[in-house]
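>>> 3D model of this:
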Amino acid sequence: MLLNILKFLVFASIFINLTSAQTNKGITICEGKTSTISCSNNKAITIVRALFGRNKNNRECLILKGIFRIVKSCSVSGDSTLRQVKVRCEGQQSCQLTASRNIFGDPCKHFKKYLEVVYKCVERQNLVPVMTTSTGNMDITIEDRDGIKDTTISIWILIFAIAGSLILSQFILVVCVVKLIKRKKKPTNKKDGVCKHLKREQLAVRKIQSGVPVRNINSF
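Below you'll find the predicted structure:
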């Protein structure tokens with residue numbers, strides 16, 4: 001019963017993580033470039049988060065990629081960037097975005113920047129008005145171009161959950177086997193004296209059948 005519950009939890013976790021991984025989409029647009037985001041099946045775009053600037057650990061949109069590159073982290077306020085992207089794309093089936101300092105500002109001059117956007121495709125009735133959406137500081141890095149850093153974290157959590165479930169199930173199986181073996185073992189409390197007494201009774205029966213007096217049995 002417990003093993004079946006563990007299996008159900010594992011498969012449910014896999015389904016939830018795969019479903020959530022397919023919900024969010026990510027795009028990176030290098031400064032000066034224009035790109036289009038769109039949704040199929042007549043669904044609408046809703047923006048999750050946006051960043052214009054760059055992170056020193058991210059190698060996207062670098063002119064020189066190598067050991068001699070000089071990069072620093074910088075970004076425009078997350079609220080400002082998110083608001084600009086929402087004005088252009090929120091509720092649309094498709095929209096064009098241009099990564100430009102004239103639109104989003106210039107947080108770090110003389111450095112190549114990029115626009116990172118994470119969005120979802122949802123049914124139109126699930127849209128939230130732009131002005132009611134509030135976010136905090138969006139100075140973040142999206143490592144995966146097609147997806148989300150959160151998805152990577154959830155996959156690792158899923159791996160550890162599956163490994164933990166397998167270890168737990170094996171431990172429970174070992175405990176059950178040990179208990180079963182102990183139950184099958186019967187204690188042996190017979191003493192040597194009892195065994196000798198049984199042997200004498202058997203000899204007595206045999207001698208009586210053969211006509212030997214019982215008083216001579218002890219001599220055997």
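
>>> pull the longest strand from the chain.
Assignment by DSSP state E gives strand 44-54 as the longest strand of the chain.

>>> show the average pLDDT along that strand.
For strand 44-54, mean pLDDT is 91.

>>> what is the helix or strand just after it packed up against?
Along the chain past strand 44-54, the next helix or strand (assigned with DSSP states H and E) turns out to be strand 74-75. When contacts are defined as 3 or more C-beta pairs under 8 Å, 6 or more residues apart in numbering; DSSP states H and E, strand 74-75 sits against strand 44-54. In short, each C-beta sits where N, CA and C put it, glycine included.

>>> can you name every helix or strand that the strand it packs on contacts?
Packed against strand 44-54 by the contact rule (3+ C-beta pairs under 8 Å, 6+ apart) you find strand 74-75, helix 78-89, strand 114-122.

>>> helix/strand/coil for K25?
Under DSSP: H, G, I helix; E, B strand; the rest coil, the three-state class of K25 is strand.

>>> right, and it touches C89 too?
No. Counting by C-beta atoms under 8 Å, K25 does not reach C89; the two are 11.9 Å apart.

>>> identify the contacts common to those two.
Overlap of the contact sets of K25 and C89 (by C-beta atoms under 8 Å, 6 or more residues apart in numbering) consists of I37, Y119.

>>> between these two, which is the more surrounded one?
When neighbours are counted by other C-beta atoms under 10 Å, C89 comes out ahead of the other of K25 and C89, with 23 against 18.

>>> contacting residues for that one?
By C-beta under 8 Å, 6+ apart, the contact list for C89 reads I37, I45, I47, C95, L97, Y119.

>>> could you redo the last one with a cut-off of 6 Å?
I45, C95 (C-beta atoms under 6 Å, 6 or more residues apart in numbering).

>>> one step back: tabulate the helices and strands packed on strand 44-54 (CSV), appending distance to G32 and mean pLDDT.
Converted to CSV, those look like this (distance: least, C-beta to C-beta, whole Å; pLDDT from 0 to 100):
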stretch, distance to G32, mean pLDDT
strand 74-75, 17, 78
helix 78-89, 16, 91
strand 114-122, 10, 93
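
>>> redo these as CSV? Include distance to L62.
Below are the helices and strands packed on strand 44-54 laid out as CSV (distance: least, C-beta to C-beta, whole Å):
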stretch, distance to L62
strand 74-75, 14
helix 78-89, 20
strand 114-122, 9
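
>>> N58 is nearest to which of the ones you listed?
With C-beta to C-beta as the measure, strand 114-122 is the member of the helices and strands packed on strand 44-54 nearest N58 (8.0 Å).

>>> what's the closest of the helices and strands packed on strand 44-54 to I29?
Counting by C-beta to C-beta, and looking across all of those, nearest comes strand 114-122 at 4.5 Å.

>>> ok so, going back, who touches the longest strand of the chain?
Contact partners of strand 44-54, identified using C-beta under 6 Å, 6+ apart, comprise 39, 74-76, 81-82, 85-86, 89-92, 104, 107, 113-120, 122, 124, 127, 138.

>>> skipping adjacent residues, who's closest to E116 in space?
Using C-beta to C-beta, 6 or more residues apart in numbering and skipping residues adjacent in sequence, the residue nearest E116 is L51, 4.6 Å away.

>>> number of nearby residues for that neighbour?
Residues near L51, counting by other C-beta under 10 Å, number 26.

>>> also V117?
When neighbours are counted by other C-beta under 10 Å, V117 registers 25.

>>> return the set of residues that bridge with it.
Applying DSSP bridges to V117 gives these bridge partners: I27, A50.
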